[in-house]
Each structure stands twice: as C-alpha cells, then as structure tokens.
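1. structure, please.
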Amino acid sequence: MTPTARLAATLIALAALAALVMQCVVSYGLAGGFGAMLWVILGYFTVLTNILVFASFARMAATGRMLSAGWLAGLTLWIAIVGVVYHTLLANIWEPQGLALWADQGLHTVTPLLTLAFWLAFAPKGGLGVMDAVRWLGWPLIYVIYALVRGIFTQKYPYPFIDLNVLTAGQVAVNSVGLTVAFFLGGLVFVGLARALHGQNVAA
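-> Below is the predicted model of the structure:
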C-alpha cells in the first residue's frame, strides 16, 4: 500500500468505529443493558457489515498490506447496498434525532461513501469476473438465513421486507430473491468497473 492508501484506510476504520460506537451508545439507552444492546444491534446487516468494514480497514491500516481484490470489491458492494437500500427504502420510515442521527448517517452514508471512494482510488481490481459476483452473494444470503432464524425464535425482525409477523413466507421469499438479484446485478457492475479501471490505481 502507498502511504496515502494506508492513511485513507486508517480514516475509514476510524469513521466506521465511530459510527458503531455511537450506535452502541444509542442502542444501550434503548435496550437498557449491555447484553440486550449487543443482541439487538448484531441483528442488523448494516451493523454487521460496518463491523466487517472496520475490521478490514483496521487490518490494512495496521499491516500496510492491501487485502485481496475479491474481498475489497465484495465488501464495497455489501456496504454500498447498505447505503442504497437505506436511502431508497428505509430512511422515510423514521426520523432519528441527536446522536441517533449521527450514528445513522455514519453507518448508512459516511462509511459506504468512504469505502466506495477507497475502492475506486486504491483497491486492486485485476482478475475479477462473473464468478466473483456469484461468490459475493454468500454474505447477504448467510445474513438472511441468520435474521430469519433469529426472528422465528424472538418474533422480531430487523427489516420490514423480511418480517414474517407482517408478510407471508411467500412474500419474504420474493423479497429475498429480489435482494439477491440486486446484489448480483450490483456485483456485475463492480466487475465491469473493475475491468474498466484495472491498471489505473496506484496502490498495489
């Protein structure tokens, strides 16, 4: 990694960490305890993916070594979808205030935009293909299964489009397929961008 890329990785790790800490503070006040807070926030794809972003960029900042092209593209796709889904489907269903607003924007706007900017400017992009877009479906599919299993036992679902208390199993299946298609198409976009930009970044 170049010094500039390493500095950028450090800043992104700090930004993701700050957003996660703020969310923990907000959720602690709502849940009324540390264990309850952890259980609640670890049910969200947004939080779990921001943790992946923090861990990945903290590792690059600490070691000075770039992670693989496949992992960074997949990570960027996942966190970008977090931002897109939030701002198109979820942002209008609640109006956070104060610290909750800062945490919300950090998790859904700042971290996705910074991660995308890093990927465009610094990440290696060689060798990515259609099969990578297929492999990148793994994390969202694992999450959906995890969220549904949690919901079956607790009767609480993190997102309205997988809420079996309101929707039928068929509707949830259709929504899940739709999200899978969206992730796959997004992955194809990243593969296309990677091929177009390959060789133009300077942070091998």
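2. residue 20 against residue 54, yeah?
-> Yes: using C-beta atoms under 8 Å, residue 20 is in contact with residue 54, at 6.5 Å. Where C-beta positions appear, they are placed from N, C-alpha and C, glycine not excepted.
3. got a list of what the most centrally placed residue in the chain touches?
-> The centre of the chain sits closest to residue 79, judged by C-alpha atoms, centre = their mean, with a distance of 2.9 Å. Residues counted as contacts of residue 79 (C-beta atoms under 8 Å, 6 or more residues apart in numbering) are 49-50, 52-53, 111-112, 115-116.
4. show me which of these is closest to residue 24.
-> Residue 24 lies nearest to residue 50 out of the contacts of residue 79, by C-beta to C-beta, at 11.3 Å.
5. element containing that closest one?
-> Residue 50 belongs to helix 45-63 when elements are defined using DSSP states H and E.
6. check which helices and strands that helix sits against.
-> helix 3-31, helix 69-85, helix 111-121, helix 138-154 (3 or more C-beta pairs under 8 Å, 6 or more residues apart in numbering; DSSP states H and E).
7. can you pull the contacts of residue 24?
-> Taking C-beta under 8 Å, 6+ apart as the criterion, residue 24 is in contact with 37, 41.
8. next, count neighbours for residue 169.
-> The number of residues packed near residue 169 is 9, by other C-beta atoms under 10 Å.
9. same thing with the one 3 residues further on?
-> Neighbours of residue 172 under the rule other C-beta under 10 Å: 19.
10. again, but for residue 63
-> 12.
11. what of residue 27?
-> For residue 27, using other C-beta under 10 Å, the count is 21.
12. same question, the one 5 residues further on
-> As a burial measure, the neighbour count of residue 32 was computed by other C-beta under 10 Å and equals 10.
13. would you mind checking which helix or strand in this protein has the lowest mean pLDDT?
-> Lowest mean confidence among the helices and strands of the chain (mean pLDDT, DSSP states H and E): helix 34-41, at a mean of 86.
14. I appreciate the help and will end here.
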